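Undergrad: Structure here, sequence nowhere to be found:
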């Protein structure tokens, strides 16, 4: 039975830079915001706090929901397993205390290389997922549906 996975993602912007995770596998490098899958009977905000801490070592204060995106496996999604279908919820977040990205390059997740601060302009030239998030940020969009990709 196929099911839809839900994922909570952190949108952390500081000094014009977005907090991202760099990944690497046999096909190359890619970037995305911290966050991940929601467990059964776990609220989205709790899932987000847990995932960000696991991936970055930082605690976050979860703010308002900003964006929703739907992801489905298809010919345009080379890194997704067959039948993959996920709904992503992007929340504005603030890091509590200091975050030292260089101190957290221990790769706690499969293929994770590092935690980095990157500008939207830099991410536009890299394999960042989803590009629709960068477009929304560039437009100054405060909230909305980022579509299906």
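TA: Noted; the coordinates are in hand. Predicted, not measured: the structure shown is a model, and the values here were computed from it.

Undergrad: for this protein, longest helix please?
TA: Once the chain is assigned using DSSP state H, the helix that runs over the most residues is helix 44-56.

Undergrad: what's next to that helix, contact-wise?
TA: 6, 8-10, 19, 21, 34-39, 42, 58-60, 62, 89, 91, 93, 99, 101, 104, 108-109, 112, 115 (Cβ atoms under 8 Å, 6 or more residues apart in numbering). Glycine gets a C-beta too; all of them are placed from N, C-alpha and C.

Undergrad: Taking the residues you listed, please make a PyMOL selection of just the buried ones.
TA: To isolate the buried members of the contacts of helix 44-56 in PyMOL, using 16 or more other Cβ atoms under 10 Å:
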select buried, resi 8+9+10+19+21+34+35+36+38+58+60+62+89+91+93+99+101+104+112+115
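
Undergrad: Among the contacts of helix 44-56, name the ones in strands.
TA: 6, 8-10, 19, 21, 35-37, 59-60, 62, 89, 91, 93, 112, 115 (DSSP state E).

Undergrad: Give the closest residue to the residue nearest to the spatial centre of the chain in space, chain neighbours not counted.
TA: Residue closest to the average C-alpha location in the chain (Cα atoms, centre = their mean): residue 33, at 2.6 Å. The shortest distance from residue 33 to any residue other than its chain neighbours is 4.8 Å, reached at residue 9 (Cβ to Cβ, 6 or more residues apart in numbering).

Undergrad: tell me the contacts of the one you found?
TA: The contact partners of residue 9, taken as Cβ under 8 Å, 6+ apart, are 32-36, 48, 88-91.
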